[in-house]
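J.: Need coordinates for the below:
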Amino acid sequence: MAQEIIFGEDVKQELNFTLDNGELIKLKIFYIVILQGFYLISYTYKNVEKNVNLRICINPFGILSQFENILPFDLICISEDNIEPVYLNDFSIGRCKLFIVNQEEKRALLS
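T.: Residues are numbered from 1 along each chain as shown. Predicted coordinates:
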């Protein structure tokens, strides 16, 4: 399943994905200029929207690790230079990448 999340140049991104099991998820990701960062505002899974307001950062445990017993997926952010994504174009130019992964892929990345 590991899919790279492709960003546009818009400060508000609403992205839809289909998981391996056919379930749909929706992510709302905003770039907040004053905070110089990308934030996962909410995700929708099984037709329930959950507001989380989590900063998208380099985290070896996954951005949604606190929900790993609930969600069959997680988000992993990587950077070429090991610097957090802070500019609007960090993902569109490829300096940073964000992946949606299932729990097995996440465990493989962490080991």
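J.: those strands in the chain, which residues are they?
T.: 3-5, 12-18, 24-32, 37-45, 48-55, 73-79, 96-102 (DSSP state E).
J.: Tell me which of those sits nearest to G62.
T.: Closest approach to G62 among the strands of the chain is made by strand 73-79 (3.7 Å; CB to CB). For glycine as for every other residue, the C-beta is placed from the backbone atoms N, C-alpha and C.
J.: Is it possible to get TSV of the strands of the chain that adds mean pLDDT, distance to D90 and mean neighbour count?
T.: As requested, these are exported to TSV (pLDDT from 0 to 100; distance: least, CB to CB, whole Å; neighbours: other CB atoms under 10 Å):
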stretch	mean pLDDT	distance to D90	mean neighbour count
strand 3-5	87	12	14
strand 12-18	93	13	13
strand 24-32	96	9	18
strand 37-45	96	8	19
strand 48-55	96	13	13
strand 73-79	93	8	20
strand 96-102	92	4	20
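J.: Can I get those in a markdown table including distance to Y87?
T.: Output for the strands of the chain, formatted as a markdown table (distance: least, CB to CB, whole Å):
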| stretch | distance to Y87 |
| --- | --- |
| strand 3-5 | 17 |
| strand 12-18 | 15 |
| strand 24-32 | 9 |
| strand 37-45 | 9 |
| strand 48-55 | 14 |
| strand 73-79 | 12 |
| strand 96-102 | 9 |
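J.: Looking at these, spot the one closest to F61.
T.: Closest among these, once you apply CB to CB, is strand 73-79, at 8.6 Å.
J.: So what are the sheet partners of that closest one and their directions?
T.: strand 96-102 (antiparallel) (DSSP bridges).
J.: Only C-alpha atoms, please: export the strand it pairs with in PDB.
T.: Provided in PDB are the C-alpha atoms of strand 96-102 (Å, rounded to 0.1, in the frame of the first residue of the first chain):
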ATOM      1  CA  CYS A  96      10.300  16.200   1.900                       C
ATOM      2  CA  LYS A  97       8.000  13.300   1.200                       C
ATOM      3  CA  LEU A  98       4.900  12.100   3.000                       C
ATOM      4  CA  PHE A  99       3.800   8.500   2.700                       C
ATOM      5  CA  ILE A 100       0.600   6.700   3.800                       C
ATOM      6  CA  VAL A 101       1.600   3.200   5.000                       C
ATOM      7  CA  ASN A 102      -0.200   0.200   6.500                       C
END
